[in-house]
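> attaching a predicted model along with its sequence, questions to come.
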Amino acid sequence: MEDDQWVDDGSPVVFQAPTSLDGGRSFGRGRGFIPLEKAVSNNNGPGNFSAADDDWKDSDVPSFSVNSRRDNDFGGEGRGRGGRGGRGGFSRDEGGGYRGQNNNENGRGFKTRENESTGDPPKPQERYIPPEPSNDEATIFGGGISCGINFDKYDNIQVKVSGENVPPPIDSFETAGLRPFVLSNVKKSGYTKPTPVQKHALPVIMAGRDLMACAQTGSGKTAAFLLPIINTLLSDPKDLVVTQQHCEPHAVIISPTRELTLQIFHEARKFSHGSIIKTVVAYGGTSAYHQALDVMKGCHILVATPGRLLDFVNRGRITFSSLRFLILDEGDRMLDMGFLPDIEQIMGHPTMVPNGERQTLMFSATFPEDVQRLAGKFLHNYLFLAVGIVGGACSDVEQRFHLVTKFEKRSKLMDLISQGGGEKTLVFVETKRTADFLATYLSEHEFPTTSIHGDRLQRERELALCDFKMGRMYVLVATAVAARGLDIKNVSHVVNYDLPKSIDEYVHRIGRTGRVGNRGKATSFYDPEFDAPLAKQLLKILQQEVGVSVGSDEEILHELELTKVSTRWVPWLLMTEHREGCLVAITQFLQQYKREGAKFLDPFVISDETWVQCFTPESKRASKQWKYAHSPPPGKVKTIFSAGMIIATVFWDSKGVLHLDFLAGQKTINVHYYSTLLNEKMKLAIRSEQRKRQDSVYFLQDNACPHTAILTMAALLKLKWDVLPHLVYSPDVAPSDYHLFGPMKGF
Ligand SMILES: Nc1ncnc2c1ncn2[C@@H]1O[C@H](COP(=O)(O)OP(=O)(O)OP(=O)(O)O)[C@@H](O)[C@H]1O
């Protein structure tokens, strides 16, 4: 059975209706997290659930009468969720759900049903009643991630809005036209100024327009749609239609995963806290009966996964007749092959308010062009908002790659986690089986680890996220279920133990760190045997990231072709932490190695001599010119001095190949740089040369330029020579704006 579905099998259900619908206060709500075993036992509070609550009959659903009313900015929040208690005080605002794809949970795939084609035994049926959301202000407003040092750099990101009559962006929340009440919730959330997507999306939505918005991960898209919706629902209130049979929400927010849905629910509660607005959540893996009761008490905003939503819709519990806002969060995912049939069913439902009479909003960090085209048919006279490069990775995430075979991954992961010294690390794997295995293995090696994937029970998934969030477990091993949307504080490191199959999935995964201007790092294990198909797209992402203009398709294809020549090639990236501060970072790096007693670095003194160029995107052109001006003419040798010592010779040979021979201590290393734009003849020449000179290290890069030599040097020194002639992967050689390619072993 699909995990978002339920069955009415006519089992008797006894439900004691809430004793109060007024005042909006649950009774008997406990604090803290109740053991989950209890949570499924149906007797976890004063309320009396006495049957298989997912197996209920429609006729058993109690009748509620909720008066339609004009709302205002005050009034009880949450209209009496009596009947249960003993839980709550437990803020679960992250997670990931999953539409099963056999044992492969790679993002955008077909919607298959978990366990169907794997031959695995069916999952035990779960009757999980999630804990009540907290009403404690500190919990409600304390969940978000605080802005990081790069928050202000958001202002420099290029923004493009296409479409007709674009409303001007706002500068501040104060001038956004928000009601004082909403503004006060924004302030309580710790937001002082809007992010670019918020600056542009708020006025667009408040002007009643449809919107497709794309902005990098962790840049505040959730508030960008919630704030104007909540504001409109409050400033232009309409009666809420709730009958004994059904409810007609005013806003429906659909997201692809269960825990993301839960997270959005908490965000919506946060921004509407203290108002009349009722928000309800509906997602799979939980007691449908219980959630239906909530829905039928009436809700202005319903946050749901598509499966559970359709379930309610097909039972007539929800209709769209009063819908004012329809939001697809992770819009591209919602419209890919996996979810499209569900979305089409929702959009085409007989009760659905027609396009143009409702507002339709789609948000994501990635929007492939084909999906953009498809999305157009659900939107009316919409605006397209692109903050930065559509589908680009978050610029605050430093991306590193390790060339590994599948046999090396485990020990490499152990190294990374021990080096992390307890930093929160999210490890992505391809299969549920690997997730289980790794979580067990790491736990056995005394790294507190938990896991989340589609085969775990929902209560286990939520507990796993809670443990990770609270730091009880500092490693979370996850399948694609956790790739999108999750906003977890202090995730310092994302590891792609298995790279995903799609680049969008990669962008979302690494976006779990480096949020709201905080820095993060992502390390990916690149196994050429499996990951070569991703190389071209990875390269594009990395080029965007380092500010190097993306090469023409021809160039990229050429690089790909080279990738194919030898499966031992792997793109790896030396990222700069400060794009502008390349020199500073290099200096620090070398100083560090000096401190560690690398004597051979003694002659190597970094200075700000002209040949050490900082290579910023802006200076790319200048730098290129500089390179040609300073490189020796073909056939001539130039000597590089630093602090009066010869450190290297440069030789730009007649074939256009730059040779740098470093003199370090007693050793000379030949490092040959080749342009990526090699023709066949040059490739042949390189191959034959490499056969002759086994001790050399070869880099392929598209911008042979002497200052890269320093980085190369540093990399070689770090490896203490012993891995030569094998290249040479050193993720810690952080500072450069270059992508490099290596090794060329086997070329
Ligand atoms: N204007 C703001 N000032 C400070 N913090 C903000 C602001 N807007 C959002 N945030 C915080 O930034 C974090 C990320 O926001 P959010 O989850 O909405 O990002 P997103 O763009 O939807 O990311 P993803 O693409 O991963 O879904 C949250 O913790 C949120 O509370």
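Nice, thanks for sending it over.

> please enumerate the strands of the stretch 401-550 of the chain.
Remark: strands assigned in the stretch 401-550 of the chain by DSSP state E, counting those that start in this stretch are 424-428, 449-452, 475-478, 491-496, 520-526.

> pipe these into CSV and attach distance to the ligand and mean neighbour count per row.
For every residue, glycine as well, the C-beta is placed using N, CA and C. CSV is the format used below for these (distance: least, CB to the nearest ligand atom, whole Å; neighbours: other CB atoms under 10 Å):
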stretch, distance to the ligand, mean neighbour count
strand 424-428, 12, 26
strand 449-452, 16, 26
strand 475-478, 14, 28
strand 491-496, 11, 24
strand 520-526, 12, 23
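
> any chance of CSV for those strands, columns distance to Ile149 and mean pLDDT?
Formatted as CSV, those follow (distance: least, CB to CB, whole Å; pLDDT from 0 to 100):
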stretch, distance to Ile149, mean pLDDT
strand 424-428, 18, 98
strand 449-452, 29, 97
strand 475-478, 25, 98
strand 491-496, 14, 96
strand 520-526, 12, 86
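
> with distance to Cys214 added, can I get those strands in a markdown table?
What follows is the strands of the stretch 401-550 of the chain, written out as a markdown table (distance: least, CB to CB, whole Å):
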| stretch | distance to Cys214 |
| --- | --- |
| strand 424-428 | 22 |
| strand 449-452 | 26 |
| strand 475-478 | 24 |
| strand 491-496 | 21 |
| strand 520-526 | 20 |
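
> indicate which one of those is closest to Ala215.
strand 520-526 (16.7 Å; CB to CB).

> partners of that closest one, with directions?
strand 397-403 (parallel), strand 491-496 (parallel) (DSSP bridges).

> just name the shakiest helix or strand of the protein by mean pLDDT.
strand 570-573 (a mean of 25; mean pLDDT, DSSP states H and E).

> returning to that earlier point: distance to Asp467 added to the strands paired with strand 520-526, as TSV?
Formatted as TSV, the strands paired with strand 520-526 follow (distance: least, CB to CB, whole Å):
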stretch	distance to Asp467
strand 397-403	24
strand 491-496	14
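
> shaky segments in the stretch 351-500 of the chain?
By pLDDT under 70, the low-scoring segments of the stretch 351-500 of the chain are 403.

> the ligand contacts on that one?
365, 485, 487 (CB under 6 Å from any ligand atom).

> Lys501: which of those is nearest?
Ala365 (17.5 Å).

> for the closest one, the count of nearby residues, please.
Counted by other CB atoms under 10 Å, the residues lying close to Ala365 total 28.

> what distance do you get for it to Glu408?
Noted for Ala365: a distance of 31 Å to Glu408, by CB to CB, to the nearest Å.

> cool, Arg315 as well?
Arg315 is 51 Å from Glu408, by CB to CB.

> circling back to that earlier point, of all the strands paired with strand 520-526, which one is nearest Ser451?
strand 491-496 (13.5 Å).

> one step back: of Arg315 and Glu408, give the one with the bigger neighbour count.
Arg315 (16 against 13).

> out of everything not next to it in sequence, what's closest to the residue of the stretch 51-200 of the chain found nearest the ligand?
Shortest the stretch 51-200 of the chain-to-the ligand distance, computed as CB to the nearest ligand atom: residue-wise this is Gly144, at 2.8 Å. Among residues not flanking Gly144 along the chain, Ser189 sits closest, at 5.8 Å (CB to CB, 6 or more residues apart in numbering).
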